[in-house]
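*Asks:* Give me coordinates for this.
(one chain, ligands or ions: 1)
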Amino acid sequence: VTDLARIRTLFSSTPEFDTSPLYSALSQRVAADDELLALAAHAPRGQYPTFLFFGAVHYLLLGGATHELAEFYPSIVGAAARDPRGAAAPFAGFCREHAARLTTLVSSRFVQTNIVARSLALRLGLAAVRAHTRGPVQVVEFGASAGLNLRFDRYGYRVGGRRFGDPDAKVQIDAGWHGPGPVPDLDDLPEIAGVAGVDPRPLRAEDPEDRRWLRALVWPENARQADLLERALAVVAADPPTIWRGRAETARAVLADSLPRGEPRVAFHIATRMHVAVAERDAFDAGIAALGQDAPLYVLSAEVPPDPDPRPRPARRGVALALRQPNGVVRDLAVVEGHLRWVESLPG
Ligand SMILES: C[S@@+](CC[C@H](N)C(=O)[O-])C[C@H]1O[C@@H](n2cnc3c(N)ncnc32)[C@H](O)[C@@H]1O
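*Replies:* The predicted structure follows:
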């Protein structure tokens, strides 16, 4: 159990919830309540207590827990949801009533939010890899969760007024485009020989409980994301990609027999390294780099803001989509919003 002062700081300022008025309001209540902070403090090392705690409450409500608190969740009562400013007291009451189950959930689950739109980051990266190789390449996602990004080739994309992928797919990903550069051709990708994921806790798209956990991690107001999640889960459940149980740190041992030696590999991780404890991040990087011992390795990642930021006057807060080539050269391809609502190309 981590110290309450650190957890209080995390709940006191939550820019990550700027599109969730409910979670923004509830965060303030949690920050001021030691009993609630103590529940959130059961989060495992490296896991964000904010996402886990609100996810656990949402999970119980989606499972049918009857309580006044449900009236504040658009995900449960739709447009009839009450003003979030009145939610604090019912929230505290709900947490007291369900303290035992919340403790179990918070201490045993991981933040596994699988954002379908992040497939666009993979597609952008593969379009950049295409400048180096026609393939075939093996794609491996680290922190694949339920594997929704690994079915990137089954979706349609509308980016900055251009369309790519399958225009008739039930999953259509929309993103804005900013910055000086043109939208790359996202249909011109290297040939994909295979896709696979690695995750310490692979979720199964066909499992109702896993689906509920994934749904619980979507913020209650975010109906569009919830709808995309459902649609993508249907695609993945019909044809699930292989997701190996394991951590990036030890991935080479897990993957050694399944990836052909010599065939180029594209390792991808997005919103995953940030959920690894700081002390373990070097081992995380080394575990992925080890895949380069048997074949040319491209590492595509989106985890941290660009540093230094090449934009003359950065107006948008996002993370760098970075590509490390087999020769070690690293280049930021773009800045992307965390949920891929927009992409900003970079000067030069
Ligand atoms: C926030 S989710 C992101 C899922 C997916 N990349 C996406 O963006 O939609 C983070 C995932 O990383 C996984 N994870 C946590 N630690 C990991 C590690 N050491 N190696 C690989 N995956 C890890 C978690 O289980 C979880 O499924």
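*Asks:* how close does the residue of the chain found nearest the ligand sit to Leu203?
*Replies:* Closest contact between the chain and the ligand, by C-beta to the nearest ligand atom, is at Gly143 (2.7 Å). Backbone N, C-alpha and C define where each C-beta goes, glycine included. The spacing between Gly143 and Leu203, counted by C-beta to C-beta, to the nearest Å, is 11 Å.
*Asks:* Check Ala70 too.
*Replies:* As judged by C-beta to C-beta, Ala70 and Leu203 stand 24 Å apart.
*Asks:* Those two - which one has more neighbours?
*Replies:* Counted by other C-beta atoms under 10 Å, Ala70 and Leu203 do not tie: Leu203 has more neighbours, with 22 against 19.
*Asks:* Secondary structure element holding the more buried one?
*Replies:* Following DSSP states H and E, there is no helix or strand that holds Leu203.
*Asks:* That one touches Ala146, doesn't it?
*Replies:* Yes: at 4.0 Å, Leu203 counts as touching Ala146 under the criterion of C-beta atoms under 8 Å.
*Asks:* Need the overlap of contacts for these two.
*Replies:* Contact criterion C-beta atoms under 8 Å, 6 or more residues apart in numbering; residues shared by Leu203 and Ala146: Gln112, Asn114, Asp210, Leu214.
*Asks:* Which of those fall in helices?
*Replies:* Among the shared contacts of Leu203 and Ala146, the members falling in helices (DSSP state H) are Asp210, Leu214.
*Asks:* biggest separation within the shared contacts of Leu203 and Ala146, which pair?
*Replies:* The span of these, defined through C-beta to C-beta, is set by Asn114 and Asp210 at 10.0 Å.
*Asks:* quick one, phi psi at Arg331?
*Replies:* phi -140, psi 140 (degrees, to the nearest 10).
*Asks:* ok, now the one 5 residues further on?
*Replies:* For Val336, the backbone dihedrals (degrees, to the nearest 10) come out as phi -130, psi 150.
*Asks:* Hmm, it is touching Ser345, no?
*Replies:* No: assessed by C-beta under 8 Å, Val336 is found out of contact with Ser345, at 10.4 Å.
*Asks:* the more surrounded of those two?
*Replies:* Neighbour tally, Val336 and Ser345, criterion other C-beta under 10 Å: the higher count belongs to Val336, 24 against 19.
*Asks:* Distance check, the nearest residue to Tyr155 once chain neighbours are set aside against Ala196.
*Replies:* Of all residues not flanking Tyr155 in the chain, Val171 sits nearest, at 4.2 Å (C-beta to C-beta, 6 or more residues apart in numbering). Using C-beta to C-beta, Val171 is found at 20 Å from Ala196.
*Asks:* Please say which of those two ends up with more neighbours.
*Replies:* The residue with more neighbours, out of Val171 and Ala196, is Val171; 26 against 19, by other C-beta under 10 Å.
*Asks:* Double-check the more buried one against Arg231; I have them as touching.
*Replies:* Yes: the pair Val171 and Arg231 passes the contact test of C-beta under 8 Å, sitting 4.8 Å apart.
*Asks:* Give me the common contacts of those two.
*Replies:* Common contacts of Val171 and Arg231, defined by C-beta under 8 Å, 6+ apart, comprise Val116.
*Asks:* after the lowest-mean-pLDDT helix or strand in the chain comes which helix or strand?
*Replies:* Lowest mean confidence among the helices and strands of the chain (mean pLDDT, DSSP states H and E): helix 251-255, at a mean of 92. Heading C-terminal from helix 251-255, the first helix or strand you meet, by DSSP H and E, is strand 265-270.
*Asks:* pLDDT wise, what is Thr2 at?
*Replies:* Thr2 carries a pLDDT score of 52 in this model.
*Asks:* counting contacts, what elements does the longest helix along the chain pack onto?
*Replies:* With secondary structure taken from DSSP H, the chain has its longest helix at helix 223-238. Judged by 3 or more C-beta pairs under 8 Å, 6 or more residues apart in numbering; DSSP states H and E, helix 223-238 is in contact with helix 74-77, helix 208-216.
*Asks:* swap the cut-off to 10 Å and go again
*Replies:* For helix 223-238, the contact count by 3 or more C-beta pairs under 10 Å, 6 or more residues apart in numbering; DSSP states H and E identifies helix 74-77, strand 172-178, helix 208-216 as packing neighbours.
*Asks:* Same list (these) but as TSV, adding distance to Gly156.
*Replies:* Shown next, in TSV, are the helices and strands packed on helix 223-238 (distance: least, C-beta to C-beta, whole Å):
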stretch	distance to Gly156
helix 74-77	25
strand 172-178	5
helix 208-216	21
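*Asks:* Can you lay out those as TSV showing mean pLDDT?
*Replies:* Compiled in TSV, the helices and strands packed on helix 223-238 are given as follows (pLDDT from 0 to 100):
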stretch	mean pLDDT
helix 74-77	98
strand 172-178	98
helix 208-216	98
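*Asks:* For the ones you listed, could you give me JSON lines that also reports mean neighbour count and distance to the ligand?
*Replies:* Shown next, in JSON lines, are the helices and strands packed on helix 223-238 (neighbours: other C-beta atoms under 10 Å; distance: least, C-beta to the nearest ligand atom, whole Å):
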{"stretch": "helix 74-77", "mean neighbour count": "17", "distance to the ligand": "18"}
{"stretch": "strand 172-178", "mean neighbour count": "18", "distance to the ligand": "12"}
{"stretch": "helix 208-216", "mean neighbour count": "18", "distance to the ligand": "9"}
